[in-house]
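**Student:** generate a structure from the sequence data that follows.
(one chain, ligands or ions: 1)
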Amino acid sequence: MSITTRFAPSPTGFLHVGGLRTALYAYIHAAQNNGRFILRIEDTDKERFVAGALEDIVASLSWAGIPILEGVGVDKQGVVVQNGSAGPYIQSQRLAVYEDHAQVLLAKGHAYHCFCTKERLDEVRTLQQLQKQPTGYDGLCRGLSQEEVKEKKAQGMSYVIRMHMPDSGTTSFTDSIRGEVSFENALIDDQVLIKTDGFPTYHFAVVVDDHLMGVTHVIRGEEWISSTPKHLALYAMFDWEPPTYAHLSLFVNADKQKMSKRHGDVSVGDFRRAGYLPEALINFVAFLGWNPGDEREIFTLPDLIQEFSFDRVQKTAAVFNREKLDWYNKEWMKRLSLKELADRAQPFFAALGIDVEGEHAGRFLQAVAMERERATTCVEMAEHTMFLFEDTLSYDAALLVWKKSDKETAKKVLATLLHTYSVQHADEWNALFVQAQAEHVMTMLGLDRGHVLWPMRVALSGKEHSPGPFEIAAALGREATCARLTVGLHALEA
Ligand code: GLU
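**Tutor:** I've put the predicted structure just below:
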């Protein structure tokens, strides 16, 4: 059987890491089986629509490396496009499809018009609550005759179309992650299928679309598990084969609270802007709820396609551990080639106003090389090495004096280093040459490393903490190194 999965976000917010994991697992399951993976946009809730959310979802998936061959995309000009023969893939463009399908259920007697007002529904609910009964529609309009319906419509009364849920029995299904799941039909409401404005509800649209688009496996968040019996009832009413379901557990943060924007948890776009690599984020989210059953932790997307299976997806909530994400990012920064990492880091340097293509191109590559084992993110990499690109450093002259040394020594050191680097020429100016000369100065002045390296490093970086002075000098080049040593010396003499 050919396999089709989909990711069906509502454009009610930017893509969250939980959504990324759902999309990832759904994509992987399709890719493992040479199947189709669809991106469908579920925008039937007009009130909760957030401008820019659709574009953000598409851009975030594409940045993460999840290819969307079918469904909704955005072209180079930023225009929303749709690819595939089962479209449209944006639900607000499919209203006629839902209307037709609602008519089918009305004709079969599985759905009915309901004219109850909001006030009446509120009263029913209040009464049920007072009597400690389960809340839900009481079925008043189930019994309306065709004439009554016609009459009320003619009077211009507004109405919804509801499904007629069976009053007894149970609905069971086998979830790929949770196993057997059962719900009492009597506890399930007569769900609204078409709202007063003619828009379908999520429950109706999701079933119609999953069927018409040939979806065989529905992979989604566990918040939808209690809706599944409604969906299965609809499949039965249409006489359609239902898909297989896999409901993924939630993420919780370190305090075991549900992740949400309110708690400062972030969207995929936020991680992207914070300088995380897509490889790292994908690897990290794949492991939130899944593992290969052995010690391996570094997985590329192709590796995941090779190894992932729902058998190893956990039922319990996965803990979103920020330190683990940082660990993954550091690992991935080391794994990319220097050139590749520089390409990825480039926009973050540009964002700090650093022109990495002009006269500082060499310095930029050295900066990346210097920080790839130190920084956690590309943003940190740029921030930590900004001093390399500044024309003048601003620091307090007192910082040049090492805590176990004194001002006179610092002056002597800077003057000697300056003299050494100005007169000693080498074919190549590199960290080894710089180091050899600095060690020569130590011996000459009879000083321990700290006395020499501290003022040197501060004069070159202007910072209390930075990479080592030899690497910095190598990145700066002879001229800038000497200029910075001179500035340091003058600062101490002032
Ligand atoms: N539109 C739903 C959501 O945003 C999709 C749920 C489903 O995959 O069925 O969560």
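
**Student:** can we go C-alpha only for contacts and neighbour counts from here?
**Tutor:** Will do.

**Student:** test my guess that Leu54 contacts Leu39.
**Tutor:** No: the pair Leu54 / Leu39 is not scored as a contact, 10.7 Å apart, by Cα atoms under 8 Å.

**Student:** for the stretch 51-200 of the chain, which segments count as strands?
**Tutor:** For the stretch 51-200 of the chain, applying DSSP state E, counting those that start in this stretch gives strands covering 70-74, 80-83, 111-114, 160-163, 170-175, 179-184, 192-194.

**Student:** got those as TSV, with mean pLDDT columns?
**Tutor:** Output for the strands of the stretch 51-200 of the chain, formatted as TSV (pLDDT from 0 to 100):
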stretch	mean pLDDT
strand 70-74	97
strand 80-83	97
strand 111-114	98
strand 160-163	98
strand 170-175	96
strand 179-184	96
strand 192-194	98
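
**Student:** save those as JSON lines, and put in mean neighbour count and distance to the ligand too.
**Tutor:** Shown next, in JSON lines, are the strands of the stretch 51-200 of the chain (neighbours: other Cα atoms under 10 Å; distance: least, Cα to the nearest ligand atom, whole Å):
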{"stretch": "strand 70-74", "mean neighbour count": "21", "distance to the ligand": "14"}
{"stretch": "strand 80-83", "mean neighbour count": "15", "distance to the ligand": "18"}
{"stretch": "strand 111-114", "mean neighbour count": "24", "distance to the ligand": "21"}
{"stretch": "strand 160-163", "mean neighbour count": "24", "distance to the ligand": "18"}
{"stretch": "strand 170-175", "mean neighbour count": "15", "distance to the ligand": "14"}
{"stretch": "strand 179-184", "mean neighbour count": "13", "distance to the ligand": "17"}
{"stretch": "strand 192-194", "mean neighbour count": "23", "distance to the ligand": "15"}
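
**Student:** assign the residue in the stretch 101-250 of the chain that the ligand sits nearest to to helix, strand or coil.
**Tutor:** Of all residues in the stretch 101-250 of the chain, the one sitting closest to the ligand is Arg220 (4.6 Å; Cα to the nearest ligand atom). Classification of Arg220 by DSSP: H, G, I helix; E, B strand; the rest coil places it in strand.

**Student:** and for the residue nearest to it when sequence neighbours are not counted, the neighbour number?
**Tutor:** In this structure, Arg220 finds its nearest non-sequential neighbour in His247, 5.2 Å apart by Cα to Cα, 6 or more residues apart in numbering. His247 is flanked by 21 other residues according to other Cα atoms under 10 Å.

**Student:** please apply the same query to Ser337.
**Tutor:** When neighbours are counted by other Cα under 10 Å, Ser337 registers 12.

**Student:** roughly how far does it sit from the ligand?
**Tutor:** The gap separating Ser337 from the ligand is 37 Å, by Cα to the nearest ligand atom, to the nearest Å.

**Student:** then Asn283?
**Tutor:** Distance, Asn283 to the ligand, by Cα to the nearest ligand atom: 22 Å.

**Student:** what does His490 give?
**Tutor:** From His490 to the ligand the distance is 63 Å (Cα to the nearest ligand atom).

**Student:** can you tell me the SS state at that residue?
**Tutor:** Assigned by three-state DSSP, the conformation of His490 is helix.

**Student:** show me what contacts it?
**Tutor:** His490 sits next to no residue when contact means Cα atoms under 8 Å, 6 or more residues apart in numbering.

**Student:** which residues of the chain lie near the ligand?
**Tutor:** Ala8, Pro9, Ser10, Glu42, Arg220 (Cα under 6 Å from any ligand atom).

**Student:** Asn291 touches Arg312, doesn't it?
**Tutor:** Yes: using Cα under 8 Å, Asn291 is in contact with Arg312, at 6.6 Å.

**Student:** counting neighbours, go ahead and name the busier of those two.
**Tutor:** A side-by-side neighbour count of Asn291 and Arg312, using other Cα under 10 Å, places Asn291 first with 18 against 13.

**Student:** name all residues that make contact with the more buried one.
**Tutor:** By Cα under 8 Å, 6+ apart, the contact list for Asn291 reads Arg312, Val313.

**Student:** give me phi/psi at it?
**Tutor:** Note on Asn291: backbone dihedrals following degrees, to the nearest 10 are phi -150, psi 160.

**Student:** surely Lys315 is in contact with Ile177?
**Tutor:** Yes: here Lys315 reaches Ile177: they are 6.6 Å apart, a contact under Cα under 8 Å.

**Student:** intersection of neighbour lists for the two?
**Tutor:** Both Lys315 and Ile177 are contacted by Leu248, under the criterion Cα under 8 Å, 6+ apart.

**Student:** packing partners of the helix or strand of the chain with the lowest mean pLDDT?
**Tutor:** Every helix and strand in the chain was compared by mean pLDDT, DSSP states H and E; the lowest is strand 251-252, with a mean of 87. On a contact count with 3 or more Cα pairs under 8 Å, 6 or more residues apart in numbering; DSSP states H and E, strand 251-252 meets strand 318-319.

**Student:** now the strand it packs on: average pLDDT?
**Tutor:** Averaged across strand 318-319, the pLDDT comes to 91.

**Student:** any residues touching it, and which ones?
**Tutor:** For strand 318-319, the surrounding residues in contact (Cα under 8 Å, 6+ apart) are Ser249, Leu250, Phe251, Val252, Asn253, Ala254, Lys256, Leu288, Gly289.

**Student:** cool, and stretch 80-100?
**Tutor:** Residues outside stretch 80-100 that contact it (Cα under 8 Å, 6+ apart): 39-44, 55, 69-75, 194, 198-200, 204-205, 208, 212-213.

**Student:** keeping just the C-alphas, turn that stretch into CSV.
**Tutor:** C-alpha atoms of stretch 80-100 as CSV (Å, rounded to 0.1, in the frame of the first residue of the first chain):
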residue,chain,number,x,y,z
VAL,A,80,1.9,31.4,-1.6
VAL,A,81,1.8,28.6,-4.1
GLN,A,82,0.3,25.1,-4.1
ASN,A,83,1.6,22.0,-5.8
GLY,A,84,-0.1,18.7,-6.4
SER,A,85,-3.2,17.2,-7.9
ALA,A,86,-5.3,16.8,-4.8
GLY,A,87,-5.6,20.5,-4.0
PRO,A,88,-6.5,23.1,-3.1
TYR,A,89,-4.5,22.5,0.0
ILE,A,90,-5.8,25.5,1.9
GLN,A,91,-9.1,24.7,3.6
SER,A,92,-10.7,28.1,3.2
GLN,A,93,-10.4,27.4,-0.6
ARG,A,94,-12.4,24.2,-0.3
LEU,A,95,-15.7,25.3,1.1
ALA,A,96,-17.7,23.9,-1.7
VAL,A,97,-16.1,20.5,-1.1
TYR,A,98,-17.2,20.5,2.6
GLU,A,99,-20.7,21.7,1.6
ASP,A,100,-21.1,18.9,-0.9
